[in-house]
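>>> Let me see the structure of the following:
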Amino acid sequence: MANPTSTEAIETLAAEIGDKVYIDVAKWHLYLRDAHLHTTLAEQFYPLLIGNTNTITEDQMMPILQSIQVKLGGGKRQVPLADLLPMQCQMDLIDILEEYQRQL
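Okay, here's the model as predicted:
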């Protein structure tokens with residue numbers, strides 16, 4: 001069973017990500033909480049944040065964003081999450097992760 005403390009921490013991080021980071025599709029903003037991707041991201045980033053005194057870098061973030069495939073058209077096509085996030089959202093994500101790490 002997962003540690004309740006880490007579960008709560010991941011949920012807190014997921015909430016921050018879900019409220020501020022969005023996918024841009026044809027100038028429509030789909031927030032990651034609505035796309036049900038916020039928890040997946042939080043679970044991927046959390047291990048990088050705990051016990052690490054260095055702040056997360058774009059070089060660490062991009063492989064994670066590339067590895068998460070978003071299904072489009074009922075699953076007919078998959079696109080890496082990195083390709084759907086505007087640059088500003090990527091920067092916002094780094095800011096969220098850095099702030100979260102400072103609070104640990």
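>>> Could you pull up the residues touching the most centrally placed residue in the chain?
Central residue of the chain (CA atoms, centre = their mean): Leu41, 3.5 Å from the mean position. Counting by CB atoms under 8 Å, 6 or more residues apart in numbering, Leu41 touches Ala14, Ile17, Val21, Leu32, Ile64, Ile68, Leu81, Leu93. Quick note: C-beta positions are derived from backbone N, CA and C, even for glycine.
>>> Over to Leu49?
Taking CB under 8 Å, 6+ apart as the test, what Leu49 contacts is Leu13, Ile56, Leu97, Tyr100, Gln101, Leu104.
>>> ok, back up a step: how far does the host helix or strand of the residue nearest to the centre of the chain sit from the chain's center?
Taking DSSP states H and E as the criterion, Leu41 maps to helix 38-49. On the basis of CA atoms, centre = their mean, to the nearest Å, helix 38-49 sits 7 Å off its chain's mean C-alpha point.
>>> CA atoms of it as CSV?
Only the C-alpha atoms of helix 38-49 are listed here, as CSV (Å, rounded to 0.1, in the frame of the first residue of the first chain):
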residue,chain,number,x,y,z
HIS,A,38,-2.5,15.9,-13.8
THR,A,39,-2.1,12.9,-11.5
THR,A,40,-0.1,11.0,-14.1
LEU,A,41,2.3,14.0,-14.3
ALA,A,42,2.5,14.4,-10.5
GLU,A,43,3.3,10.7,-10.1
GLN,A,44,6.1,11.0,-12.7
PHE,A,45,7.7,14.2,-11.2
TYR,A,46,7.3,13.5,-7.5
PRO,A,47,10.2,11.0,-7.3
LEU,A,48,12.5,13.6,-8.9
LEU,A,49,11.5,16.3,-6.4
